[in-house]
Each structure stands twice: as structure tokens, then as C-alpha cells.
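Trainee: Quick one: sequence plus predicted model below, questions after.
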Amino acid sequence: MFEELKNARKLLGLNARNLAYIRPYNKKKSKRLADDKISSKRVLRKAGIPVPKLLARIKSVEELESFDWTSLPATFALKPNRGFGGGGILVVYGRKKISKKFLQTDLVETPDPVWIKSDGSKVTVQDLKNQIRNILDGAFSLSNMPDTAFFEERLTLLKLFKPYAYKGIPDIRVIVFNRIPVMAMLRLPTKESGGKANLQQGGIGVGIDLISGVTTSAVLGEGKLIDYVPGTRMLLSGIRIPYWKEILLLAVKAQEISGMGFLGADVAIDRERGPVFLEINARPGLGIQVANLAGLRERLERIKGLKIKTAARGVRVGRDLFGGEVEEEVEEISGRKVIGTIEKIKLIGRSEKSVEVEAKIDTGAGFTSIDTDLAEQLGFEDTVREYQKIEATYKDIKHLAKKERWDIFKHIPHLESMVVINSASGSTYRPTIKITVIMDGVTIPTKVTLINRAHLKYPIIIGKRNLKKFLIDVNK
Amino acid sequence: MNNVSPLINFFIEQGVPLETVVLLLMLPVVVTLIAFFRQIVGIKAFGIYTPAIVTFAFLAVPQLRYGVVVFVSVILVGMLMRFVLKSFRILYLPRVAITLSVIAFSILFLLGLGGYFQRTGLASVTIFPILIMITIVEKFVVVQIEKGNKAAVILAVETLVISLAGYYLASWPMLIKGIIAFPWLILITIPINIFLGKWDGLRLTEYVRFWEVLKNLK
């Protein structure tokens, strides 16, 4: 209890966000630019940052009345220029085919197009007009100021994200402070959020490890921790975000251009275009801390006042300081995988029989040994049965010549060889069989010894012979 | 009236009713309470104006429960009207105008109903507190449009909670006596607000929101 209260200073609350970061670091002029989506996108585009294409904008009721609706493509997003929290956004996914009835009649005028929303409902020109009138009236803007509506290219969904996202496009929120990426999360739209990725609207936030770009923990909406996409078995951790470095670099560059010291940068990944910058946010939400199970305040305080010259340097500092595990880098340098002392592995035996078990990594052993029960599961029932029939122990036969010893065992089916194993409990003469071990993605065809391990915790130990491609981290 | 400050006496002699003096001096206390709820507790409500004005509306009705009945009715009808008007797809101001009108009819009906069931207290509620509470529905509708019904209802309940707290504070006899005896004490609210404005710790509601994170930090 007290531990948790002490940790409160590491978290960024609304009071501290407004008082210590937004006020001093985000000037009014820059904030106004961030809140004006059309202008901020123009500024970003001019600086060479990829942004979604602006299709059209409507500034007044007169423009609305004279707007050419047939100029709109089959799919687009309609947004309020000064909207916030994802409010007032309307996305269409396709145009309804014009029915034959219309084509057969001799009408000179083509009928108004009709679009389809993500839930399959129709969107008519009248619906768009109403939505735009509400936008112009300021129903979705900060403090209800009259606003501009704009149409924007809809990005296409990356295949990787398809099973995770409901309808809309997931995006990546990066908190940037002082040219350093501080924390990041993947935001996934859900059914409840109506295809929008905002947590306030009920989207999913998935924390991302800054160094590797791999997702960690996840939160649904404002505070519910989850492991899977609701209603599915899609695990949310372990997703590797593509273009990770570029995404962080885009976020930092956008911060430089925006003139704000502290912001949330939203980047999406388009199937064709790659990372596309969505928007800058002068008042980023704090739910990202729940998604990452980490505190923003402690991170921000660590980098306050650091002099960072370039965006690339800032990205490096952020990843080094706040990235969870450097393990991946060790793997990159050594070309070997880092494993712990207990690893989940997959074994493949005879006729493609496979078993997944937890194995103990034992650098004191030469050979890998497996339990006889496990060998049976892998299709070596005959081997185990025949071996257990032989009662001779090592003591009985150690005086025999190698050839004589082999004659005792050679009738055992699927036997590879016999080996002497010296262990703390004395020497044993064990049969070996050939199986395949898959550990941390590495496939190792190998000889393993058979022994009864029923009284031991792990049915298999992995010995030195099979550990050449690995480094062992005892803390893991 | 045994302990009346000369300052208060001065106002009374100038013809300002004592009730007005007390209410005006009570305003800083009520708004400080609202600021406290926002910055320390984390209860947002509809800004500062709405809970303050509802507090004074509650103070102005003869019995608190009638004030609460009117408040709850206004919010309920406001919610209902959203569903009714949704299918009409009309613009913001006309929509609020219709909502306000229907609420006015409903309150009138409610007052009549109160009289019919011999709840004369309800009918004797004066018009201004009623009007004040009807107009807060605009705040409610704005939040409904921007953040949805659930968020709007939560903010409405928060407003009710803060206004009730404000009501009990402002009608606390000890406090009223204290203000009449030592009106200068009201100035304490200014340093309190400066402190609240500089407070950068987590709000109580944020402890709840971030509890899982706090447990996971090392």
C-alpha cells in the first residue's frame, strides 16, 4: 500500500501534465497550430513528413451548398478541423453501386452518390451535409468555436494489424518531450469505439517497448487491463511494429516542427505508403501509462534540460533510456539467442509427434536427457519398453568390452547409441534416441539420452551439446 | 445576532439584506470547494459555473429534496430527448431549444403533479432556481454530443454531488455565524486556491485509475 503511494510521484497526473509540461513547454501559438489540423498538416507536409492527402475542405454554409459531391472518392474520412478526442469523425469505406433502375431511366442528372460506413449503414449526401453543418456550427470543436470541415484520404490497413483492429486504422501514439521519444503505445479501434483508435472512445492501448518496437501490456478504454483482443484469442503482447525506428523519428521531427516541447504524436502505417503522420496533440492523454504499466513523470524528469541536437540522436537516447530490454541488441551483436534457465520448448519425435514442455537449461550436463514418459509421448514406446526389460546396471557391465555391451542393447528399436553418463549420483549407461528440439525459434536435430525423470520437476534438461547457439541469462 | 462584524453591520445599514451579504461572501467558499473537488479529488462536474449555480439554486428552494427532484428530472428529460431527437437529425441550437422547451413543460407538469399529491412544497419552489436548473441542460447536451451519454450522466452525477456538498457547506450554521462575525476570514480562500493551482500531485481518482500501474512500478 505505502509502496504504491510512494510510486505516485513517478506517474504523471492531469495536474502535473497541465502545470509542469503543457504550460511551460507548449506556447499558445504552437498549441493553436496543433489544434488546427489542416494547417498543421500543411506545415508538416512542407517539412517533408508524409501526411494523409487532403481531399477537400468546407469552410462555410455557402461552400457546403455548392460542393460537388461526385468529386469525393469511394472511401474517405470527414473530420472537424478543430475536433478533439476523436469526436465528429465520419469514415466511409465504399460507395454504394448506383442501382440499375436509375441507369435505365433517361434522367439527365446522375443521382447523388451513397457511401457505406464500417457497420454497413448508408451515408447519404444529406447525412454528410448534416454532419458538416454540425461541424461548421462548432459542435465538435474545442469550446464550441465555429469550425471548418475537411475530407481526407482514408489510409489502408496493414495486413499485420488486420486481426487486431475492428474496422478503423490502428495508430501509434508517441509521447515526445525535448526531442526524445518517452513512451509509446499502439492504439487499436474496437467495436465499442466505432472504429476510432482513441482510448476515451473505448479503443485498446497496447504498450510498446521503445527499443524493440514490440508490444508489451494492454489496456481497454480508460483502465481495464487485458491480454487478448476482446472476444478473440489474439494475444496483444509480442506484436512487432514494423518501421519502428522511422516511426519514432517521424514523431520527433514533428515535435521539432511544431515548436511544442511536449506532445503526443500519432503515426499510422499505410499498406502502400508505410508510416504516415496523422496528427500532433498538444494535450496527450495519460492512459498510455496504463498501457505500458510505467510512469511518465519519472521519465520526463530524467530528460528535462538534456541538450539534444538532432532528431536521430533523440530517438537513440529515448530508446536507450526507456527501452525495456537490451537483450535484442545482445542477440544482434553475438548472433546468438538469449534464453533463461527455464525455457518453453517444442520436441518433435517419430512420425511427426510433437510435445511442448518446459525444459531446464543445464550447463553442467553434456547431453540433453529426456524422461522415459516423454519419450513415449514422442513415439518411442517400443524403445522404452525394450530398454526397461534389460535389468543390467552399469556396474554389472562396465567390465565388458564396448562391442559386448552393445550386443546387449542393439535389439532395442530406434536406438541411436549407448553412452556412459557420469553424474553426481554415479555413472549410468543410457540409450540415446534421435529427436528434434525447437527452442526460441531455433531448430536443433539432436541425440538425447533416455532416463526416468518422473521424480524430477522438469521432464527434460538441455545440455551443453545443444546450447552452442544460445547465451544464458540467469535473471530471465 | 450577538456577534456581528462592523463590516457586515455597515452593509446592513446601507440597506443590503443580510441574506444577500452572506450569500455573496459564501460564493468564494463554494467555488473553492469546487476547485478542491477538481484538483485534489478529481471530480470534474460541468466546469465551475454549473455546480456553483446549482448550489445556490439548492439554497434558494424551500426544501433541498425538491431542488434535487427538479435537477434529476431535468437530466432525465435531457437524456430522453437525445433519443427522441436523434432520428430527426437537426442542428445544435434548434435541438437544444426543443430540449429546453420539453423540459419546461415537464417541470410544469411535475409541479402540478406535486400539488395534486399534496406536495405543496414542490409547487412553492420559486421560478429562478427552476430556470437555473433548466438551463444547465445545455452543458449536458454539449457533453452528450461530444463524449456520449455515459460521460454526460457521469458529469451530471458529479455536478449533483458537488452541489450537494456545496449546499451543506453553505448552509452550515457555524460557517454562516463565522462569516457574519469574521467576514475577513473569507480571504483565506485565496491562498487556498493558490495552493490548489500549484498542486501537481495525483488526484484521488487518478490513484484509482492508475492503481495497476502503481502496483507494477518498482
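Mentor: Great, that's in hand. Since this is a predicted model, take the numbers as computed values, not measurements.
Trainee: A:Met185: what secondary structure?
Mentor: Judged by DSSP: H, G, I helix; E, B strand; the rest coil, the three-state class of A:Met185 is strand.
Trainee: Quick one: residues contacting it.
Mentor: When contacts are counted by C-beta atoms under 8 Å, 6 or more residues apart in numbering or on different chains, A:Met185 touches A:Ile172, A:Arg173, A:Gly205, A:Val206, A:Gly207, A:Ile208, A:Ile288, A:Ala291, A:Asn292. Every residue, glycine included, has its C-beta placed from N, CA and C.
Trainee: what do you get for A:Ala34?
Mentor: A:Asn26, A:Ser40, A:Ser258, A:Met260, A:Leu263, A:Glu279, A:Ile280, A:Asn281, A:Ala282.
Trainee: if we take the contacts of A:Met185, which one ends up nearest to A:Asp227?
Mentor: A:Val206 (10.5 Å; C-beta to C-beta).
Trainee: what residues does the helix or strand where that closest one lies touch?
Mentor: Assigned by DSSP states H and E, A:Val206 falls within strand A:204-208. Applying C-beta under 8 Å, 6+ apart, the contact partners of strand A:204-208 are A:172-173, A:183-188, A:190, A:199, A:214-220, A:226, A:229, A:236-237, A:239, A:241, A:287-288, A:290-294.
Trainee: just to revisit the earlier point, out of the contacts of A:Met185, who's nearest chain B?
Mentor: Set against chain B, the nearest of those by C-beta to the nearest C-beta is A:Asn292 (8.2 Å).
Trainee: now the contacts of A:Ala34 in TSV, with pLDDT?
Mentor: TSV is the format used below for the contacts of A:Ala34 (pLDDT from 0 to 100):
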residue	pLDDT
A:Asn26	88
A:Ser40	89
A:Ser258	89
A:Met260	90
A:Leu263	92
A:Glu279	87
A:Ile280	89
A:Asn281	88
A:Ala282	88
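Trainee: Check these and tell me the two furthest apart.
Mentor: Greatest spacing in the contacts of A:Ala34, by C-beta to C-beta: A:Asn26 and A:Glu279 (14.8 Å).
Trainee: For the helix or strand of chain B with the lowest mean pLDDT, list the C-alpha coordinates in CSV.
Mentor: In chain B, no helix or strand scores lower on mean pLDDT, DSSP states H and E than helix B:120-123, which sits at a mean of 74. The C-alpha coordinates for helix B:120-123 follow below in CSV (Å, rounded to 0.1, in the frame of the first residue of the first chain):
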residue,chain,number,x,y,z
THR,B,120,-47.3,21.8,-1.9
GLY,B,121,-43.6,22.4,-1.2
LEU,B,122,-42.8,21.4,-4.8
ALA,B,123,-45.2,23.9,-6.2
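Trainee: Tell me which residues of it come out buried.
Mentor: Buried positions in helix B:120-123, judged by neighbour count with 16 or more other C-beta atoms under 10 Å in any protein chain shown: B:Leu122.
Trainee: Give me the helices and strands touching it, please.
Mentor: When contacts are defined as 3 or more C-beta pairs under 8 Å, 6 or more residues apart in numbering or on different chains; DSSP states H and E, helix B:120-123 packs onto helix B:64-86, helix B:92-116.
Trainee: If we use 6 Å, what do you get?
Mentor: Helix B:120-123 is packed against helix B:92-116, with contacts defined by 3 or more C-beta pairs under 6 Å, 6 or more residues apart in numbering or on different chains; DSSP states H and E.
Trainee: quick one, helices of chain B?
Mentor: B:6-13, B:18-36, B:49-60, B:64-86, B:92-116, B:120-123, B:127-135, B:137-147, B:149-170, B:173-181, B:189-198, B:204-209, B:211-216 (DSSP state H).
Trainee: Out of these, the one nearest A:Phe380 is which?
Mentor: The closest of these to A:Phe380 is helix B:211-216. By C-beta to C-beta, the value is 44.3 Å.
Trainee: buried set for the closest one?
Mentor: B:Val213, B:Leu214, B:Asn216.
Trainee: what sits up against it?
Mentor: A:Glu4, A:Asn7, A:Leu225, A:Gln289, A:Val290, A:Leu293 (C-beta atoms under 6 Å, 6 or more residues apart in numbering or on different chains).
Trainee: Also stretch B:38-56?
Mentor: B:30-31, B:34, B:37, B:132, B:136, B:139, B:155, B:158-159, B:162-163, B:166-167, B:196, B:199, B:203-206.
Trainee: of these, list those near chain A.
Mentor: Applying C-beta under 6 Å from any C-beta of the partner chain, the subset of these adjacent to chain A comprises B:Trp199, B:Arg203, B:Glu206.
Trainee: Let me know the closest of these to chain A.
Mentor: B:Glu206 (4.7 Å).
Trainee: Who are the contact partners of that closest one?
Mentor: A:Gly13, B:Gly42.
Trainee: Let me have the contacts of A:Met185 in CSV, adding neighbour count and pLDDT as columns.
Mentor: Below are the contacts of A:Met185 laid out as CSV (neighbours: other C-beta atoms under 10 Å in any protein chain shown; pLDDT from 0 to 100):
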residue, neighbour count, pLDDT
A:Ile172, 26, 96
A:Arg173, 26, 96
A:Gly205, 28, 94
A:Val206, 25, 94
A:Gly207, 25, 93
A:Ile208, 29, 94
A:Ile288, 25, 94
A:Ala291, 28, 93
A:Asn292, 29, 92
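Trainee: ok, and the closest non-adjacent residue to the residue nearest the centre of chain B?
Mentor: Taking C-alpha atoms, centre = their mean, the centroid of chain B lies closest to B:Pro51, which sits 2.5 Å from it. Leaving aside its chain neighbours, B:Pro51 sits nearest to B:Ile162 (4.2 Å; criterion: C-beta to C-beta, 6 or more residues apart in numbering or on different chains).
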